[in-house]
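Visitor: Could you work out the structure for the sequence below:
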Amino acid sequence: MNSAAQSAGSGTPNAPRPRQAPLIRLFVDGLELIGFHGVFADERRNGTRYRVDVELDGDFARGAQTDTLSDTVDLAAVVKHIRTINEHRQYNLIESLADAIASSTLERFPRIDGVTVRVRKLQPQGIEDAECSGVEVARWRT
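Guide: Okay, the predicted model is just below:
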């Protein structure tokens, strides 16, 4: 058996690879928000700037083939959803905010199989010499 077949995990040389749906990852980078989150009272009262990135995994190939928005995920709707989460609840921790965005995005958009959310708190209080602090949360549909 040649090394290529062995490394592919196949028992026979030149065995066909299993078919997989093409990976199409949608993303929004650098969504700027003002949020009233944090453990400090003035953060919750005055607000803080946040930057959110979201990556969406799923079988979006049909949208690529038909060039039709209804066959994929509307990124404007995802952004509106993220803004709503940010505006309707205060969180102490950015971990909680990111987790709420990730889990509710999976619930709200059935075409999405996996989501990765990065939340950055810009000029975080308590560590002023840092540009930002942040968290990344990944969730997959079960």
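Visitor: can you pull the contacts of G114?
Guide: Applying CB atoms under 8 Å, 6 or more residues apart in numbering to G114 gives the contacts 56-58, 106, 138-141. Quick note: C-beta positions are derived from backbone N, CA and C, even for glycine.
Visitor: now do D113
Guide: By CB under 8 Å, 6+ apart, the contact list for D113 reads 57-59, 140-141.
Visitor: R139 now?
Guide: Applying CB under 8 Å, 6+ apart, the residues near R139 are 99, 102-103, 106, 114-115.
Visitor: Pairing partners for the strand or helix carrying V54, with directions?
Guide: If you go by DSSP states H and E, V54 is part of strand 48-58. For strand 48-58, the paired strands and their directions (DSSP bridges) are strand 24-35 (antiparallel), strand 114-122 (antiparallel).
Visitor: by contact count, what packs against the next helix or strand after that strand?
Guide: For strand 48-58, the following helix or strand on the C-terminal side (DSSP H and E) is helix 61-66. Judged by 3 or more CB pairs under 8 Å, 6 or more residues apart in numbering; DSSP states H and E, helix 61-66 is in contact with strand 24-35.
Visitor: how far out from the middle of the chain is the strand it packs on?
Guide: 8 Å (CA atoms, centre = their mean, to the nearest Å).
Visitor: And stretch 36-55, by the same measure?
Guide: From the chain centre to the centre of stretch 36-55 is a distance of 18 Å (CA atoms, centre = their mean).
Visitor: Would you mind writing the CA trace of that stretch as PDB?
Guide: Coordinates of each C-alpha in stretch 36-55 appear next as PDB, following Å, rounded to 0.1, in the frame of the first residue of the first chain:
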ATOM      1  CA  PHE A  36     -23.800  48.100  28.600                       C
ATOM      2  CA  HIS A  37     -22.000  45.000  29.800                       C
ATOM      3  CA  GLY A  38     -19.300  44.500  32.400                       C
ATOM      4  CA  VAL A  39     -18.600  44.000  36.000                       C
ATOM      5  CA  PHE A  40     -17.900  47.700  36.600                       C
ATOM      6  CA  ALA A  41     -20.800  50.000  37.300                       C
ATOM      7  CA  ASP A  42     -19.700  52.700  34.900                       C
ATOM      8  CA  GLU A  43     -19.400  50.200  32.000                       C
ATOM      9  CA  ARG A  44     -23.000  49.200  32.600                       C
ATOM     10  CA  ARG A  45     -24.100  52.800  33.000                       C
ATOM     11  CA  ASN A  46     -22.000  54.500  30.200                       C
ATOM     12  CA  GLY A  47     -21.400  51.700  27.800                       C
ATOM     13  CA  THR A  48     -18.300  50.200  26.200                       C
ATOM     14  CA  ARG A  49     -17.300  49.700  22.600                       C
ATOM     15  CA  TYR A  50     -17.300  46.100  21.400                       C
ATOM     16  CA  ARG A  51     -16.200  44.500  18.100                       C
ATOM     17  CA  VAL A  52     -17.900  41.200  17.100                       C
ATOM     18  CA  ASP A  53     -16.800  38.700  14.500                       C
ATOM     19  CA  VAL A  54     -19.000  35.800  13.600                       C
ATOM     20  CA  GLU A  55     -18.300  32.800  11.300                       C
END
